[in-house]
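Trainee: prediction below, plus the sequence it came from.
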2 protein chains.
Amino acid sequence: MGELLERLRAGLPDGAVAVDPDVTGAYARDMAGFCDAGEPAVLVFPETVEQVQFVMRTATELRVPVVPQGARTGLSGGANAVDGCILLSLTRMNRILHLDPVDRIAIVQPGVVNAELSRAAEARQLAYPPDPSSWESCTIGGNIGTGAGGLCCVKYGVTSEYVLGLDVVLADGRLLRTGRRTAKGVAGYDLTRLLVGSEGTLGVVVEAVLALRPAPGPQLVLAAEFDSVDAAGRAVCDVMAAGFTPSLMELMDATTVRAVNEMAQMGLPESTRALLLVAFDGPDQRELLAAVGELCTAAGATEVVPAEDRAESELLLQARRLALPALERMGTTMIDDVAVPRSALAAMLNGVAEIAERHRLTIGMVAHAGDGNTHPVVIFDARDPEQVERARVSFDEIMALGLELGGTVTGEHGIGLLKREWLARELGSVGLELQRQIKAVFDPLGLLNPGKMI
Amino acid sequence: MGELLERLRAGLPDGAVAVDPDVTGAYARDMAGFCDAGEPAVLVFPETVEQVQFVMRTATELRVPVVPQGARTGLSGGANAVDGCILLSLTRMNRILHLDPVDRIAIVQPGVVNAELSRAAEARQLAYPPDPSSWESCTIGGNIGTGAGGLCCVKYGVTSEYVLGLDVVLADGRLLRTGRRTAKGVAGYDLTRLLVGSEGTLGVVVEAVLALRPAPGPQLVLAAEFDSVDAAGRAVCDVMAAGFTPSLMELMDATTVRAVNEMAQMGLPESTRALLLVAFDGPDQRELLAAVGELCTAAGATEVVPAEDRAESELLLQARRLALPALERMGTTMIDDVAVPRSALAAMLNGVAEIAERHRLTIGMVAHAGDGNTHPVVIFDARDPEQVERARVSFDEIMALGLELGGTVTGEHGIGLLKREWLARELGSVGLELQRQIKAVFDPLGLLNPGKMI
């Protein structure tokens, strides 16, 4: 321990090494509930690739575990400290190195905040689509680690679609360059995609080549009310089966709608059982929304209201963005993240409602309905151990339901500590064994974010 | 050898095992030039997953190498036999198992021909975008093996964007299921993407879950003539920098244009140095083509001709499709596949012209210009050893040039035998070592397509 600090201090700049337990403790966890965190030995803030290499070499020589961190906005405990670890914060490596409208790429350091990149791209009429709720604070490195998604995914996909190449410091300090700077390329095994979503267990991302897109126009939004979850699920399926690709297709249940109204007096229709928001960002928005509105009505919508203009659209989007903060005012929340086939969306929603009833808990539901990615939000009183236990059990039942419906235990939040056992169930024994062997190839000593993911 | 045949015959149906050298010899290579092929011991045509598992178990027990094959339309020798191997043809596993317009997925066996899937999708108003030139004969399994692309990629991306999940028989016969059937999901290391493009060196794909898209409308095409490659390259960059995303953006050089005219009397303008075809498949086609036409003119196009209607568009697309067959009439051809950043396209084209001149060879150029993916086609007389040697050297110089310009040695054709040494150069020592270790995880005995790729 003494040697570790001595060596880190000798090799890193002043102010890059913190040991005060008040400071290191503040960095010991991300935003996940139900996850333990260990006591870190030290917190470091490298500013260069070489410094990251130095930290990893030192960690390897002294056999000290390392937990890489971004902004710690994660929801699965992936960035939580393990006992005696080096917390490796990448937040000071926060420069956009290159932004090219011809090749439509950005080259960035891992600590760049998602919103900063998005704004820099926007200034060049470009967009970096992945837009997790935490986009104002989460980092690109963290997004890459978790394979983050967002509201845009039904049309634009998740983070992995946008990562073309990576510079990665391996456990032993060697630098690996993967992928490419070209629009196209298939040379060798795709280590880039293997690293995206690997939650800091295979290496430390120190630079990323990201694909950008032309900036989409503003969205025009339609709101459709349904008096049953089945009707809303049917509408989602009908819209997708008819060949529409909305830029956003979000669902909020009655609990969520009421919570948003209480928080912000939005005047959303409280009698609804499911509120569906559908948006388009391209040409012919009004025609497309009209056609989608008709499909919603045919599927049983009780009311269909297309926004008149951009301001009305923005209000509806704002309501959706308030969903989680609004639910958080109702108690301690545990947000789940289960993606099911679109066709199983209604079954998932009904099943979650049943779980809530059985365990006498409130479970709000927001869903990226267009891609079947549900976020059941279990609400409970953290001071009541018995209620906490019921919340835990509900959480597990929700995941079991997701798997039963042909889904996956994480659509965009990652595995971290929270879902490690569930990942093993989803992968099966052959898959799990291969994943563990791949982990051993990259990190034979098991020092990188140990105990996470697999 | 006797034991191998005996066991294969005992475990596979009648007609699934061929040993006649005339037959096995006919399956010994794909369509790549400059690549050797070994003598296979036996050729098998399994019809079920269990039969593939049986073949792999037998191969592992007897330590016999296995070369998986689709339609052998590949251009890098990836499907070429190695001495004493089992040629494992997946062509009889050719059923489309499921096609779902709501979840927008298809579940297919590996021997399904690309065009069959495309037509089945089209019948449901859906599309499977990857469209390699060989789409009428190549198989989905082969497309997955090589990470195949096509004309569509500038807008729709390559095969890997469309593979959601795989069933894979491992070297020892175990069955691995990767990925998901949901639109979204990030659970565990992305083995699906690791397997796409792995050219049969990690496992045998026996089933694939593929993403489909809504069928795009017909394309409207514009032809622009340039009197220099630089001007054409500038036009490509200007169009992309202005935020357009054409559904096709192809370039043919003077040699190619002349060859197409000779073959099919298309009446293409022979005075041009570079003919650029640009298409859109969505709404507002005429307006978009007009805007792109203006950018082409500003970049120096000598003539800009938007197609009047679908028939004229089809004629231009037909000219592009004839490019390779037309060049093949000029001699033995060796088609290369180097992707560079868009901004380096003109430099690549000029560099290739210089190489052609220096080696006194004709090198036709067709390029998926929109994504920087060039296909220099080296034309030579295979009966003249000295000319063959010059062709070989040119081929190497083209790849060296691609790497120098920040490109990759394969955009969509894979590595196979042809580019193994070049892949090593592109990956560097750290990357190569990791790739070899990953290969060893999947195939510790080195039986799967040995000597290919890495």
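Mentor: Yep, that arrived.

Trainee: tell me the secondary structure at A:V206.
Mentor: Using DSSP: H, G, I helix; E, B strand; the rest coil, the structure places A:V206 in strand.

Trainee: ah, wrong one, I meant A:L97
Mentor: strand.

Trainee: show me what contacts it?
Mentor: A:I107, A:V108, A:Q109, A:E207 (CB atoms under 8 Å, 6 or more residues apart in numbering or on different chains). Every residue, glycine included, has its C-beta placed from N, CA and C.

Trainee: repeat that for 7 Å
Mentor: A:I107, A:V108, A:Q109 (CB atoms under 7 Å, 6 or more residues apart in numbering or on different chains).

Trainee: burial measure for the second one, as a count.
Mentor: Spelled out, it's A:V108. Neighbours of A:V108 under the rule other CB atoms under 10 Å in any protein chain shown: 25.

Trainee: gap between it and chain B?
Mentor: Distance from A:V108 to chain B, counting by CB to the nearest CB, to the nearest Å: 17 Å.

Trainee: ditto for the first one
Mentor: For A:I107, the distance to chain B (CB to the nearest CB) stands at 12 Å.

Trainee: helix or strand right after whatever helix or strand that residue lives in?
Mentor: Here A:I107 sits within strand A:105-108, counting by DSSP states H and E. Heading C-terminal from strand A:105-108, the first helix or strand you meet, by DSSP H and E, is helix A:114-122.

Trainee: does any bit of that following helix sit next to chain B?
Mentor: No: applying CB under 7 Å from any CB of the partner chain, one finds helix A:114-122 separated from chain B by no less than 11.6 Å.

Trainee: pull out the buried residues from that helix.
Mentor: Across helix A:114-122, burial judged by 16 or more other CB atoms under 10 Å in any protein chain shown covers A:N114, A:E116, A:L117, A:S118, A:A120, A:A121.

Trainee: of those residues, which is the nearest to chain B?
Mentor: Ranked by distance to chain B (CB to the nearest CB), those are led by A:A121 at 11.6 Å.

Trainee: strands of the stretch 201-350 of chain A, residue ranges please.
Mentor: A:204-211, A:213-214, A:220-226, A:248-253, A:274-280, A:301-306, A:332-335, A:338-339 (DSSP state E, counting those that start in this stretch).

Trainee: direction included, what does the fifth one pair against?
Mentor: Read that as strand A:274-280. strand A:220-226 (antiparallel), strand A:248-253 (antiparallel) (DSSP bridges).

Trainee: which of those is buried the deepest?
Mentor: strand A:248-253 (a mean of 26; mean count of other CB atoms under 10 Å in any protein chain shown).

Trainee: quick one: mean pLDDT for that one?
Mentor: Strand A:248-253 shows a mean pLDDT of 98.

Trainee: swap in stretch A:28-46?
Mentor: 96.

Trainee: what's the spacing between that stretch and its chain's center?
Mentor: Relative to its chain's centre, stretch A:28-46 lies at 18 Å (CA atoms, centre = their mean, to the nearest Å).

Trainee: mind checking the end-to-end distance for that stretch?
Mentor: Length of stretch A:28-46, first residue to last, CA to CA, to the nearest Å: 17 Å.

Trainee: how near is A:E47 to A:T201?
Mentor: 24 Å (CB to CB, to the nearest Å).

Trainee: and the stretch 251-400 of chain A, which residues reach chain B?
Mentor: Near chain B, when you scan the stretch 251-400 of chain A using CB under 7 Å from any CB, you find A:P283, A:D284, A:A339, A:V340, A:P341, A:R342, A:S343, A:D371, A:G372, A:N373.

Trainee: how about the last one: what's its closest non-neighbour residue?
Mentor: Meaning A:N373. A:G411 (3.7 Å; CB to CB, 6 or more residues apart in numbering or on different chains).

Trainee: did I read that right, the one you found in a helix?
Mentor: No: under three-state DSSP, A:G411 falls outside any helix and is assigned coil.

Trainee: mind listing what it touches?
Mentor: Contacts of A:G411 by CB under 7 Å, 6+ apart are A:G149, A:D337, A:V338, A:A339, A:N373, B:K184, B:G185, B:V186.

Trainee: where's A:P101 relative to chain B, distance?
Mentor: Applying CB to the nearest CB to A:P101 and chain B gives a distance of 5 Å.

Trainee: all helices for the stretch 51-200 of chain A, in order.
Mentor: A:114-122, A:140-146, A:153-156, A:191-195 (DSSP state H, counting those that start in this stretch).

Trainee: repeat that for the stretch 351-454 of chain A.
Mentor: A:385-404, A:420-442.
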